[in-house]
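K.L.:
Sequence and predicted structure below; questions after.
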Amino acid sequence: MSQISRSQVEAALAGYTDPYLESDLLSAGCVRDIRIDGGRVEVDIHLDYPSEFLKGGIAQMLQTALENIDGCSAAAVNIGWSVAENKSQNSVEAITQVKNIVAVASGKGGVGKSTTAVNLAIALAKDGAKVGLLDADIYGPSQGIMLGVEDGTRPETIDNKWFVPVEAHGLKSMSMAYLVTESTPMVWRGPMVAGALMQILTQTQWGELDYLIIDMPPGTGDIQLTLSQKFPVSGAVIVTTPQDIALADAKKGVEMFRKVNIPVLGMIENMSMHICSQCGHAEHIFGEDGAERLAETYNTTVLGSLPLSKYIREQSDAGTPVVAADDCSEVSMMYRHASRRLAVALARQAAAAQAMPSIEIADE
Ligand SMILES: Nc1ncnc2c1ncn2[C@@H]1O[C@H](COP(=O)(O)OP(=O)(O)OP(=O)(O)O)[C@@H](O)[C@H]1O
């Protein structure tokens with residue numbers, strides 16, 4: 001039997017472009033090994049973003065491409081994946097066993113930051129990652145409701161020192177709302193809030209996490225700045241609507257994170273359009289392409305755009321966010337695409353940090 005060549009195998013593999021890596025797997029450095037024995041070929045691939053859901057489909061596609069090589073009698077494709085650790089960007093001590101901390105922030109209230117945070121977190125978990133969610137939005141801690149955690153639920157404690165996170169929809173969650181009662185004064189002073197949140201963050205037994213998503217308080221004031229400086233954050237995601245006013249606030253958000261040397265991994269444009277449930281007509285009621293222009297200005301990217309959708313609101317209110325309710329619905333797929341792009345942005349950052357000596361960028 002004739003021997004197929006390595007270049008034939010490579011050409012077949014190059015035919016598939018990974019939509020999240022935006023490249024073929026060879027160029028992206030994901031092909032770990034190619035073994036050829038006569039007409040038989042076996043390929044090992046390693047992806048650096050959570051791909052438990054995707055890997056079967058990718059393997060199938062590549063196997064078919066390999067089987068189409070002239071002279072190929074059998075082909076096998078093995079795909080593994082892992083999540084790399086991003087060191088904290090602001091020289092704050094990392095949380096043991098937590099590989100990546102992502103702050104989800106918005107310059108302005110009510111743009112859908114909490115909805116975005118919970119759906120991104122569940123989307124990452126659906127792809128096989130170990131994910132935690134910290135509700136740091138002290139002004140309106142809503143994650144308990146969105147996760148369907150029963151009112152009055154308190155986290156268990158260990159040795160009077162550690163909180164055990166509350167599990168819901170495959171996430172480990174913690175929220176100030178789990179700790180306060182109706183009689184607890186919610187008029188906190190800034191330093192007290194930051195201190196309390198730091199305590200929750202560091203005294204929770206998160207266990208091994210690939211990602212800890214932090215739902216930040218809205219705005220860019222002192223509390224947000226203090227938290228960004230104190231939390232060992234790997235990167236930030238800014239949620240905005242395409243409306244001018246929200247974009248102006250998102251700009252402040254980007255600038256705040258830059259000031260404390262936290263990379264903005266991307267933006268999520270929420271309520272980017274309304275799709276009429278009667279006729280399917282898409283209308284850009286808050287303006288068009290604003291986030292894209294802002295992302296360009298700040299050399300970052302739009303990770304995803306979500307429509308204004310009754311389904312998104314209803315599912316959050318009911319305690320089963322859309323991605324948990326039906327992970328293949330149209331809007332769920334939008335969150336899942338965005339979460340994978342976020343995972344790839346973090347993986348690239350981790351790879352770049354490994355390849356480069358660390359440098360300090362000072363303000364001019
Ligand atoms: N894409 C969407 N389509 C429809 N409704 C949405 C969408 N995103 C968020 N909402 C709804 O908008 C309201 C505000 O959302 P959310 O609480 O996530 O915003 P937020 O920015 O976290 O607010 P806050 O500033 O109060 O913390 C909620 O009722 C939520 O269900």
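P.N.:
Sure thing, it's come through. Residues are numbered from 1 along each chain as shown.
K.L.:
where does the chain have low pLDDT?
P.N.:
Confidence mapping of the chain against pLDDT under 70 gives the ranges 1, 89-91, 181-191, 356-364.
K.L.:
Grab the nearest non-local neighbour of K172.
P.N.:
Nearest in space to K172, with sequence neighbours left out and distances taken as Cβ to Cβ, 6 or more residues apart in numbering, is P165 at 3.8 Å. To be clear about C-beta, it is placed using only N, CA and C from the backbone, and glycine gets the same treatment.
K.L.:
need the contact list for the one you found.
P.N.:
For P165, the contacting residues are 132, 155, 172-174, 204-206, by Cβ atoms under 8 Å, 6 or more residues apart in numbering.
K.L.:
Mind doing that once more with 7 Å?
P.N.:
Applying Cβ atoms under 7 Å, 6 or more residues apart in numbering, we find P165 in contact with 132, 155, 172-174, 204, 206.
K.L.:
Please apply the same query to T116.
P.N.:
104, 239, 268, 270.
K.L.:
With respect to the ligand, which of those residues is nearest?
P.N.:
Closest approach between the contacts of T116 and the ligand, by Cβ to the nearest ligand atom: N270, at 5.1 Å.
K.L.:
State the number of residues packed around that closest one.
P.N.:
24 (other Cβ atoms under 10 Å).
K.L.:
okay but it is in contact with L306, surely?
P.N.:
Yes - the pair N270 / L306 is scored as a contact, 5.0 Å apart, by Cβ atoms under 7 Å.
K.L.:
and V233, helix, strand or coil?
P.N.:
coil (DSSP: H, G, I helix; E, B strand; the rest coil).
K.L.:
Quick one: neighbours of it, just the number.
P.N.:
27.
K.L.:
try the one 4 residues further on
P.N.:
By the other Cβ under 10 Å criterion, the neighbourhood of V237 contains 29 residues.
K.L.:
The nearest residue to S277 once chain neighbours are set aside and the ligand, how far apart?
P.N.:
Spatial nearest neighbour of S277, chain neighbours left out: K310 (6.8 Å); criterion: Cβ to Cβ, 6+ apart. According to Cβ to the nearest ligand atom, to the nearest Å, K310 and the ligand sit 7 Å apart.
K.L.:
swap in G280?
P.N.:
According to Cβ to the nearest ligand atom, G280 and the ligand sit 16 Å apart.
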